[in-house]
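A.B. asks: Here's my sequence, what's the structure:
(2 chains)
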Amino acid sequence: MMSANGMSEERKFVRLTKSQRIQHAVLFISTGLLILTGFMLQGERWVIEMFGTAGDTIFWWRSLIHRIAGVAVTIICLYHILHVAFTKEGRSWIKDMLPGWRDLTDVYRNIGYMLGLREQRPKMDRFTYLEKLEYFSVWFGMFIVILTGIMMWTEYLWPKFYLDVAGAFHLGEATLAALAVIVGHVFAVHYNPHVYPMNRAFIDGYIKEGLMKEEHPLWHEREVAQKSGDNV
Amino acid sequence: MASDDESCLMCHKMPGLGRYAKDENQNATKRILYVNEALFKASYHGRLPCKSCHRGVDEIPHTDAEKVDCASDCHIKDPSSNSGFSHRAIVHDLSMSAHGARQAKAGLEDDLPDCKYCHSNKPYQRSDADHRQSMKFLNICLQCHESEEWAERFYKHISYRASIRRSSKQIVELCSQCHADRVMMDNHELDVVVGFNDTFHGKAIRYGDAEVANCLNCHAPYESGFSPHSILSQRQSRSPVSGDNKIETCRQSGCHTGAKEEFATSGKIHPASFTTVQMMRRNTLNRPGDADPETAFQEWVLHMISLFYKTLIIVVVGGLALHQVLDVLAIRRERRARGG
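C.D. replies: Residues are numbered from 1 along each chain as shown, chains lettered A, B, ... in the order given. Take a look at the predicted model:
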């Protein structure tokens, strides 16, 4: 396949469907807003005092945006459950995402390879063990922050101590998630040399064959065996 | 005062007027005796003759001066009763409250706030917007009332009491001057308030939120008939923050109106040690070993949640970072090997 400029164009495969990209976009925007407006409550005194007399208005917007984004993230999580339960693409997603024994062996093989103790990387499938960990961390984390968030929103129903417990989980889980997303996910899709400066799958939904062979060789083999791939 | 009938300003208008005096501990204190006439005239008490409050002072030097007593009768009449006006009722309320000097242990009476501790006879101050609004309003008054000076003072008298004089932030700072002072609170056998600023109420106040509860909203709710002058100790059964009264205080209008009974049954608002969990900071225990078993258990639970997440963050985020670094190094090695 030759393109106009004479370069051979690489084959592309679908990594994220349109529905999944929209889910990612909603999750990305609402989580970003939640982290920003949430950690505004943890600001040191001198930071908050910089807002001066506007602080009251900023606080009001902070509280409103945190709640709106919280509702959005809850809706998208519920939608995602329906997505993996009732759509073809969703069922194939969750089937490939479920962890197996293979992932455990992948962990020590891959670490061994990275340390230079093994000759080859283990061949990984559609989702690597790190991607599976990230994905199910979102399930687990969302369950905790949504549950404790609803508790704190309906504060009049609970004893103060329960609210303190909810607040401790909410803050702890949010801190863990924010740092894990930055160090784990943002790093993997931006800084990793395979994709630097950016993995574009979240925009156009495609993964190039070269990257696919490198990071997901088993999946590539499966896809090629099944059909010849979507030639673009 | 306008005409300085008592001739006090003859001397007290001099900006340098002052002296050094010794207090009871033989420490020298600077006493400024200068009175700025313009500021005084613009203050709450600006129309009172000096001698209304400063009794004695007939001789020079004023060796006969009495201590100012806010409970004494003023020389003005209360228009509602046509009898002599006095702050006596409020002074009585204060003396019966937790802040009354009779509550203090012997020798510690001076720690307790007197009237002047909070009330500094401030000048009436207003923002430009307030000023324009009041000028508009004053024109209505002046349709009937002839004296502009009288109308303005009357208007200020009402309008200043209609608005809140201290912001929540200022109230927290005022109360904290003593209640966050560990040594002073230890002397009085009271819990030092350490955790309020880390609560949701405290954080909202720091941003300038005026709706959220400050110290006075719970300790002296007007709705339940309390005023800042009648604050009671939590140990007294009539206190709005004691036992069964607590839930009604939480439920006051504009706050947690629909709160269930359980809302106020467990957990501490403050003082808090671990009850406000901070990821980066560590609140030290208020009074080690002093907490009751229930509070101690709750603090332990919250501490363990915090510890759990701190550990998890170090392991997970540290592990991820290490993994990413190894991955980048491995990929670079691959590329070098390929001659890329």
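A.B. asks: hmm, stretch A:190-204 in reach of chain B?
C.D. replies: Yes. Using Cβ under 8 Å from any Cβ of the partner chain, stretch A:190-204 reaches chain B at A:Tyr191, A:Asn192, A:Pro193, A:His194. C-beta here means a position set from N, CA and C on the backbone, and glycine is covered the same way.
A.B. asks: of all the residues you listed, which comes closest to B:Ile76?
C.D. replies: Checking the residues of stretch A:190-204 next to chain B against B:Ile76 by Cβ to Cβ gives A:Tyr191 as the nearest, at 76.1 Å.
A.B. asks: Disregarding residues adjacent in the polypeptide, which is nearest to B:Thr295?
C.D. replies: Nearest residue to B:Thr295, sequence neighbours excluded (Cβ to Cβ, 6 or more residues apart in numbering or on different chains): B:Lys268, at 6.2 Å.
A.B. asks: just checking, the one you found touches A:Lys160?
C.D. replies: Yes. B:Lys268 is within contact range of A:Lys160, at 7.4 Å (criterion: Cβ atoms under 8 Å).
A.B. asks: quick one, longest helix in the chain?
C.D. replies: Picking chain A for this. helix A:55-86 (DSSP state H).
A.B. asks: The intended chain is chain B.
C.D. replies: helix B:293-337.
A.B. asks: what packs against that one?
C.D. replies: With contacts taken as 3 or more Cβ pairs under 8 Å, 6 or more residues apart in numbering or on different chains; DSSP states H and E, helix B:293-337 sits against helix A:101-114, helix A:160-180.
A.B. asks: Could you check how far the longest helix of chain A is from the centre of its chain?
C.D. replies: 16 Å (Cα atoms, centre = their mean, to the nearest Å).
A.B. asks: Same question for the helix or strand that it is followed by: list its buried residues.
C.D. replies: Per DSSP states H and E, the first helix or strand lying C-terminal to helix A:55-86 is helix A:88-97. Neighbour counts over helix A:88-97 (16 or more other Cβ atoms under 10 Å in any protein chain shown) mark A:Gly90, A:Trp93, A:Met97 as buried.
A.B. asks: follow-up on the earlier one: so which of the helices and strands packed on helix B:293-337 is nearest B:Arg336?
C.D. replies: Comparison of the helices and strands packed on helix B:293-337 against B:Arg336 by Cβ to Cβ identifies helix A:101-114 as nearest, at 14.7 Å.
A.B. asks: Would you indicate which residues of that closest one are buried?
C.D. replies: So helix A:101-114, judged by 16+ other Cβ under 10 Å, has buried residues A:Asp103, A:Asp106, A:Val107, A:Arg109, A:Asn110, A:Ile111, A:Tyr113, A:Met114.
A.B. asks: Closest one of the residues you listed to chain B?
C.D. replies: A:Met114 (4.0 Å; Cβ to the nearest Cβ).
A.B. asks: ok, now which ones touch that closest one?
C.D. replies: B:His323, B:Leu326, B:Asp327, B:Leu329, B:Ala330 (Cβ atoms under 8 Å, 6 or more residues apart in numbering or on different chains).
A.B. asks: for the fourth one, what are its contacts?
C.D. replies: Pointing back at B:Leu329 there. When contacts are counted by Cβ under 8 Å, 6+ apart, B:Leu329 touches A:Met114.
A.B. asks: Work out for me the element the spatially most central residue of chain B sits within.
C.D. replies: Central residue of chain B (Cα atoms, centre = their mean): B:Ile171, 2.4 Å from the mean position. Secondary structure from DSSP H and E places B:Ile171 in helix B:168-179.
A.B. asks: residues in contact with that helix?
C.D. replies: Outside helix B:168-179, the residues touching it (Cβ under 8 Å, 6+ apart) are B:111, B:113, B:118, B:166, B:184-185, B:190, B:192-193, B:196-197, B:202, B:205-206, B:208-210, B:212, B:214-216.
A.B. asks: can you list the weak-confidence ranges in the chain?
C.D. replies: Here I'm looking at chain A. A:1-8, A:228-232 (pLDDT under 70).
A.B. asks: Wait, chain B was what I had in mind.
C.D. replies: For chain B (pLDDT under 70), the answer is B:1-4, B:121-132, B:271-291, B:340.
A.B. asks: domain assignment for it?
C.D. replies: B:1-74, B:165-272, B:274-340 (automatic domain parsing).
A.B. asks: Which of these has the highest mean neighbour count?
C.D. replies: Ranked by mean neighbour count, the domains of chain B are led by domain B:165-272 with a mean of 17 (mean count of other Cβ atoms under 10 Å in any protein chain shown).
A.B. asks: give the contact list for B:Lys22.
C.D. replies: B:Lys22 neighbours (Cβ under 8 Å, 6+ apart): B:Ala28, B:Thr29.
A.B. asks: where does it fall, phi/psi-wise?
C.D. replies: phi -100, psi 130 (degrees, to the nearest 10).
A.B. asks: From chain A, how far out is it?
C.D. replies: Distance, B:Lys22 to chain A, using Cβ to the nearest Cβ, to the nearest Å: 38 Å.
A.B. asks: in the sheet, who's paired with that residue?
C.D. replies: B:Ala28 (DSSP bridges).
A.B. asks: And it, how far from B:Leu33?
C.D. replies: Remark: distance between B:Lys22 and B:Leu33 (Cβ to Cβ, to the nearest Å) = 16 Å.
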